[in-house]
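Undergrad: Take this sequence and fold it.
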Amino acid sequence: MGLHKIIKIVGLILSLIGVIILGMMILKGDNDIKETGWGVDAFINTAFVMLSLVVIAVVFFGLKGLMSGNIKNALIILGAFIVIIGVSYGLADNNQLPLPDGELLTKSNSKWIGAGLYTFYILAIIAIGSMVLSGFKKTK
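TA: Below you'll find the predicted structure:
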């Protein structure tokens, strides 16, 4: 039995456990859950276990695919991603903004938040552009 099948079976089992816990929470009622917190911890812990398994599987199979594929193209794409982050960091401003609790956002945090937003915008434009371009190529 392959590792992929084992991960799928474990994910299915954890999903069923989550559905059972959710069903028990629904049957228990809102007031009882608010008073005792019953089931919420188990539900969150199940979600954390599933998230951990997904992250481990993605990293493992991603590295496995990277090592068996063309590493040169992967490094070029990684370098392009780093360049996009650098350009985004350069475009971002570092204005100190007030937070809801009255404190000021630090200049560094403001700069990184702006860089993250610019990175998202640039990558979204690239993704949309590549979809439009591939659509035009298919029509020819």
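
Undergrad: Scan the chain for its longest helix.
TA: helix 107-139 (DSSP state H).

Undergrad: helices or strands next to it in the packing?
TA: helix 71-91 (3 or more CB pairs under 8 Å, 6 or more residues apart in numbering; DSSP states H and E). For the C-beta atoms, the positions are set from N, CA and C on the backbone; glycine is no exception.

Undergrad: most centrally placed residue in this protein?
TA: Val55 (9.4 Å; CA atoms, centre = their mean).

Undergrad: okay, that one: pLDDT?
TA: Val55 is assigned 88 on the pLDDT scale.

Undergrad: could you give the angle of the helix or strand hosting it to helix 71-91?
TA: Val55 belongs to helix 40-68 when assigned by DSSP states H and E. Angle, helix 40-68 to helix 71-91, by axes from the mean of the first three to the mean of the last three CA atoms, to 10 degrees: 120 degrees.

Undergrad: Can you name every helix or strand that helix 40-68 contacts?
TA: By 3+ CB pairs under 8 Å, 6+ apart, helix 40-68 packs against helix 3-28.

Undergrad: what's the following helix or strand past the helix it packs on packed up against?
TA: Once the chain leaves helix 3-28, the next helix or strand it forms, by DSSP H and E, is helix 30-36. Using 3+ CB pairs under 8 Å, 6+ apart as the contact test, no helix or strand touches helix 30-36.

Undergrad: got the contact list for helix 30-36?
TA: The list of residues contacting helix 30-36 from outside it, by CB atoms under 8 Å, 6 or more residues apart in numbering, reads 25, 38-40.

Undergrad: pLDDT-wise, which helix or strand of the protein ranks last?
TA: Using mean pLDDT, DSSP states H and E, helix 30-36 stands out as the lowest-scoring helix or strand of the chain, at a mean of 75.

Undergrad: Using PDB, list the CA coordinates for it.
TA: C-alpha atoms of helix 30-36 as PDB (Å, rounded to 0.1, in the frame of the first residue of the first chain):
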ATOM      1  CA  ASP A  30     -25.700  26.000  21.800                       C
ATOM      2  CA  ASN A  31     -26.300  26.800  25.400                       C
ATOM      3  CA  ASP A  32     -24.600  23.700  26.700                       C
ATOM      4  CA  ILE A  33     -21.600  24.200  24.500                       C
ATOM      5  CA  LYS A  34     -21.400  27.900  25.600                       C
ATOM      6  CA  GLU A  35     -21.400  26.900  29.200                       C
ATOM      7  CA  THR A  36     -19.100  23.900  29.100                       C
END
